[in-house]
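S.K.: Coordinates only, no sequence provided:
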Ligand code: SF4
């Protein structure tokens, strides 16, 4: 079977080319073609001798996902792509245009096993982990289609990144590599439901990436309702892991908190949340839920959201309320894929 040249570290590419007897510097040139010049046809890689081009044709392939649907919000700030992978699986990726630059939201698995009650990606469980190249291709899809620079990446698409640990770490290292995207680790955010042992492992990697933990509740009882997979890791152990992440990396942890009316958005929940985290250095990102036709969950009123926010601030917490982007293009996780599948079955 031919080797897919897309999405490997320089060392892996060097090892592959060594099989054909080609020197190491050719690997760097190949990466330059792929990741800097967007040339994917071996016959157009004219820096290579003819013998090397025909060896590549014979032994290598270029297997990259295909963009099958794109949607852009009315204000142009959010663009979403639906990609088909080589095995036919569908994944989504989103580009958000902020004042400070473009941020790409990357999926890490096909589907998701976590079961969050507000999320369309988990309806059919988790099908498989994505490979580093399949994650990288999500970013390159935007770069090629719109010729835009990428300033940051957030691992908040479908999937639980820490359940696909090795591939996700290989992907982040690829993004950081100067021969690829040359992104700083500080501009990468990994969002997790809270796989506690993997948070300790990530802390020990020594990479200053931002950790965002989907907390969504001030206690186990509410959290288990919203995020059933959290039963394995009691909330106290998760907060301990977050403290350790800060101690080791020096990076303040962000707690994501989806506000759902009647479930976790009361003032008593805000007070309990402050007691839970105590004096740890952290940031809260409050997200009024983005309702869809598939779930019967609603955001609190604006006044209620303000009250929740003020309680956190009164206790000295850093807080932002996330602007809802891309509502009209089904930008929440899994919704475009669901719409596509609904359309295809008609
Ligand atoms: S919100 Fe994220 S972790 Fe939860 S089910 Fe959806 S994709 Fe999985």
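M.R.: Yep, that arrived. Only a predicted model underlies this, so the values are computations on that prediction, with no experimental measurement involved.

S.K.: contacts and neighbour counts: CA atoms only from here.
M.R.: Fine.

S.K.: The residue in the chain positioned nearest to the ligand: how many residues sit nearby?
M.R.: Going by C-alpha to the nearest ligand atom, the ligand is nearest to residue 158 of the chain, at 3.8 Å. Using other C-alpha atoms under 10 Å, residue 158 has 26 neighbouring residues.

S.K.: For residue 346, report the pLDDT, please.
M.R.: Looking at residue 346, its pLDDT is 50.

S.K.: again with residue 295
M.R.: Model confidence at residue 295, given as pLDDT, is 73.

S.K.: wait, isn't it in contact with residue 118?
M.R.: Yes: if you go by C-alpha atoms under 8 Å, residue 295 and residue 118 touch, sitting 6.7 Å apart.

S.K.: Around the ligand, which positions in the stretch 51-200 of the chain sit nearby?
M.R.: By the rule C-alpha under 6 Å from any ligand atom, the part of the stretch 51-200 of the chain lying against the ligand is 112, 114, 115, 116, 119, 121, 122, 157, 158, 159, 160, 193.

S.K.: Nearest to residue 139, out of the residues you listed: which one, please.
M.R.: Lowest distance from residue 139 to those (C-alpha to C-alpha) belongs to residue 157, with 12.3 Å.

S.K.: The closest one and residue 130, how far apart?
M.R.: Residue 157 is 12 Å from residue 130, where distance means C-alpha to C-alpha, to the nearest Å.

S.K.: Looking only at neighbour counts, state which of those two leads.
M.R.: More neighbours surround residue 157 than the other of residue 157 and residue 130, with 26 against 20 (other C-alpha under 10 Å).

S.K.: Quick check: the more buried one is in a strand.
M.R.: No: assignment of residue 157 by DSSP: H, G, I helix; E, B strand; the rest coil gives coil, placing it outside any strand.

S.K.: Hmm, it is touching residue 106, no?
M.R.: Yes: counting by C-alpha under 8 Å, residue 157 touches residue 106, with 5.0 Å between them.

S.K.: and for those two, which residues touch both?
M.R.: Residues touching both residue 157 and residue 106 (C-alpha atoms under 8 Å, 6 or more residues apart in numbering) are 92, 93, 94.

S.K.: strand partners of whichever strand or helix holds the last one, parallel vs antiparallel please.
M.R.: Taking DSSP states H and E as the criterion, residue 94 maps to strand 90-98. The strands that strand 90-98 pairs with in its sheet are strand 78-84 (antiparallel), strand 101-105 (antiparallel) (by DSSP bridges).

S.K.: Adding distance to residue 254, write these out as CSV.
M.R.: Listed next are the strands paired with strand 90-98 as CSV, based on distance: least, C-alpha to C-alpha, whole Å:
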stretch, distance to residue 254
strand 78-84, 22
strand 101-105, 16
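
S.K.: Pull up the overlap in contacts between residue 157 and residue 130.
M.R.: residue 108.

S.K.: Next, give phi and psi for residue 279.
M.R.: phi -100, psi 20 (degrees, to the nearest 10).

S.K.: Count residues in the vicinity of it, would you?
M.R.: Counted with other C-alpha under 10 Å, residue 279 comes out at 11.

S.K.: how about the helices in this structure?
M.R.: Secondary structure of the chain (DSSP state H): helices located at 10-19, 25-31, 50-59, 132-146, 165-176, 196-203, 220-226, 235-249, 267-277, 302-314, 335-344.

S.K.: Spell out which residues sit in contact with residue 289, please.
M.R.: 258, 259, 260, 297, 298, 299.

S.K.: Quick check: nearest residue in space to the second one, chain neighbours excluded?
M.R.: Going back to what we said before, that points to residue 259. In this structure, residue 259 finds its nearest non-sequential neighbour in residue 288, 4.6 Å apart by C-alpha to C-alpha, 6 or more residues apart in numbering.

S.K.: residue contacts, that neighbour?
M.R.: Here residue 288 is in contact with 258, 259, 260, 299, 300, 305, 321, 322, 324 (C-alpha under 8 Å, 6+ apart).

S.K.: try 10 Å this time
M.R.: By C-alpha atoms under 10 Å, 6 or more residues apart in numbering, the contact list for residue 288 reads 257-261, 265, 298-302, 305, 321-324.

S.K.: same deal with residue 33?
M.R.: With contact set as C-alpha under 10 Å, 6+ apart, residue 33 has these partners: 27, 39, 40, 41, 42, 44, 45, 47.

S.K.: Most neighbours among those residues, which one is it?
M.R.: Among these, residue 27 has the most neighbours (other C-alpha under 10 Å), with 21 neighbours.

S.K.: Verify the stated contact: that one with residue 12.
M.R.: Yes: Residue 27 sits in contact with residue 12 when judged by C-alpha atoms under 10 Å, with a separation of 8.9 Å.

S.K.: Residues in contact with both of the two, list them for me.
M.R.: Taking C-alpha under 10 Å, 6+ apart as the contact rule, the neighbours common to residue 27 and residue 12 are residue 18.

S.K.: quick one: pLDDT of the closest residue in space to residue 98 that isn't next to it in sequence?
M.R.: Leaving aside its sequence neighbours, residue 98 sits nearest to residue 77 (C-alpha to C-alpha, 6+ apart; 7.3 Å). Looking at residue 77, its pLDDT stands at 87.
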